[in-house]
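**Q** any chance you can model this:
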Amino acid sequence: MKKISIMLIDDHTLIRESWRSLFFTIENMEIVAECGDGRMAGELAKDKRPDVVLLDVNMQPMDGFEVLKVIRKLSPLSKIIGLSMRSEPANVKKFLRLGAKGYVTKNSPREELIHAIEEVNKGYIYICAEVKALMAQKTILGDSTAPDLSSLSDSELKVLSLLCRGESSKDIAVKFGISVKTVEVHRHNILKKLNVKNTIALILYIESHAFEI
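**A** Have a look, this model is predicted:
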């Protein structure tokens, strides 16, 4: 069984050591690289090409948002999970908008981090329970009325399902044998029917309310 290769990026040595001890006990995962300086992270990711990158959002002197952009450019196939003590929805939305596939707070249990890595490695977007609960509480989309998924057509539901897995319009078009333009029309109609501003906001809402699609 091929192990999930992981790269650790955090400027705290003790935290990296803790992660290293954790993944040593996980049979289907292995650490292939680690880094405490965001300025070195891009080249290291380019060299090792990890499946998943665990990236501390609040690093110095180069923060996680900037490191994320660099890794996305130099190792585009690596899936990035943000790790932070902060759970503010604005931070989560910004991180996902920049291309991350997951966000887990450092208050989360180890089992959830492991689950997040497995889900992200499969191509899904993962947001930890703490953040989901906060988003639901604050109804961050500015609309206290939950979207009615029953208003979507079968085709729109299929597109929505793949959007929530992190698929691009091009990927969805290939899977369904339709044009990219048709997928974009479906995306537009989904946002309009559910009264949300953009795809990231839509995915966050679906995740936070655990809708079955």
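
**Q** where along this structure do the helices fall?
**A** With helices called from DSSP state H, the chain shows them at 13-24, 38-48, 64-74, 89-97, 110-121, 129-138, 154-163, 169-176, 180-194, 199-208.

**Q** outline the domain layout of the protein.
**A** Following automatic domain parsing, one finds the domains of the chain at 4-138, 149-208.

**Q** let's have those in a markdown table, adding mean pLDDT.
**A** Shown next, in a markdown table, are the domains of the chain (pLDDT from 0 to 100):
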| stretch | mean pLDDT |
| --- | --- |
| domain 4-138 | 90 |
| domain 149-208 | 82 |
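
**Q** buried set for stretch 101-117?
**A** For stretch 101-117, a neighbour-count test (16 or more other C-beta atoms under 10 Å) marks 101-106, 108, 112-114, 116-117 as buried. Backbone N, C-alpha and C define where each C-beta goes, glycine included.

**Q** now do the end-to-end distance for it.
**A** Using C-alpha to C-alpha, to the nearest Å, the gap from the first to the last residue of stretch 101-117 comes to 10 Å.

**Q** off-centre distance for it?
**A** 11 Å (C-alpha atoms, centre = their mean, to the nearest Å).

**Q** ok, now stretch 119-130?
**A** So, by C-alpha atoms, centre = their mean, the centroid of stretch 119-130 is 6 Å from its chain's centroid.

**Q** okay, how far is it across it, tip to tip?
**A** Stretch 119-130 end-to-end distance (C-alpha to C-alpha) = 17 Å.

**Q** next one: stretch 69-89
**A** Stretch 69-89 has an end-to-end distance of 19 Å (C-alpha to C-alpha).

**Q** one step back: tell me which two in the buried residues of stretch 101-117 are the farthest apart.
**A** Maximum pairwise distance in those, criterion C-beta to C-beta, is 17.9 Å, between 101 and 106.

**Q** for residue 11, grab the count of nearby residues.
**A** 17 (other C-beta atoms under 10 Å).

**Q** i'd like the first residue to be 28 from this point on
**A** Will do, 28 is the new start, and the previous item becomes residue 38.

**Q** and it, what does it touch?
**A** By C-beta atoms under 8 Å, 6 or more residues apart in numbering, residue 38 lies in contact with 63-65, 83, 86-87.

**Q** can I get those in TSV with distance to residue 110?
**A** Formatted as TSV, those follow (distance: C-beta to C-beta, whole Å):
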residue	distance to residue 110
63	14
64	16
65	13
83	5
86	10
87	15
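
**Q** of these, closest to residue 216?
**A** residue 83 (38.3 Å).

**Q** identify the residues contacting stretch 122-138?
**A** Residues contacting stretch 122-138 (C-beta under 8 Å, 6+ apart): 42, 49, 82, 84, 91-92, 95-96, 99, 106-114, 118-119, 139-140, 143, 146-147, 151-158, 193, 227, 230-231.

**Q** many thanks, have a good one.
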